[in-house]
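Student: Pasting the sequence and the predicted model now:
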Amino acid sequence: MTKSYEAIPLTPISSEPSTINKTGLWRVFYPVVDLEKCKKCTLCWKFCPDATIELVDGIPVIDLEFCKGCGICANECPAKCIVMVKEGEG
């Protein structure tokens with residue numbers, strides 16, 4: 001039996017896009033880009049699920065006010081120029 005929309009329980013999913021929600025103090029890791037190693041491939045920008053990476057002349061600039069610290073950018077970077085640093089240790 002298919003449930004109606006009203007019968008589905010509420011979830012903690014926001015009705016607003018995550019790019020308007022600033023990251024709180026809960027983030028554990030944040031990305032740091034080594035600009036000397038960056039090949040300007042833009043894969044980090046393409047894979048960022050929160051659109052927190054802006055490309056400035058092909059170089060990724062990460063907006064840490066909105067970055068959730070998921071690490072997808074670091075994982076996808078073929079040059080391995082993005083590393084995840086623990087909050088408070090950078």
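Tutor: Done, it's in. Predicted model only: the values in this text are computed from it and were never measured. Numbering: from 1, shown residues only.

Student: So residue 46 lies in a helix, does it not?
Tutor: Yes. Counting by DSSP: H, G, I helix; E, B strand; the rest coil, residue 46 is part of a helix.

Student: nearest residue to it other than its sequence neighbours?
Tutor: Setting aside the residues directly before and after it, residue 46 is nearest to residue 76 in space (Cβ to Cβ, 6 or more residues apart in numbering), at 7.9 Å. All C-beta atoms are positioned from the backbone trio N, CA, C, and that covers glycine.

Student: Quick one: residues contacting that neighbour.
Tutor: 43, 44, 46, 47 (Cβ atoms under 8 Å, 6 or more residues apart in numbering).

Student: which stretches of the protein form helices?
Tutor: Secondary structure of the chain by DSSP state H: the helices cover 43-47, 72-76.

Student: Now distance to residue 33 and mean pLDDT too, for those helices, in JSON lines please.
Tutor: Output for the helices of the chain, formatted as JSON lines (distance: least, Cβ to Cβ, whole Å; pLDDT from 0 to 100):
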{"stretch": "helix 43-47", "distance to residue 33": "8", "mean pLDDT": "93"}
{"stretch": "helix 72-76", "distance to residue 33": "8", "mean pLDDT": "96"}
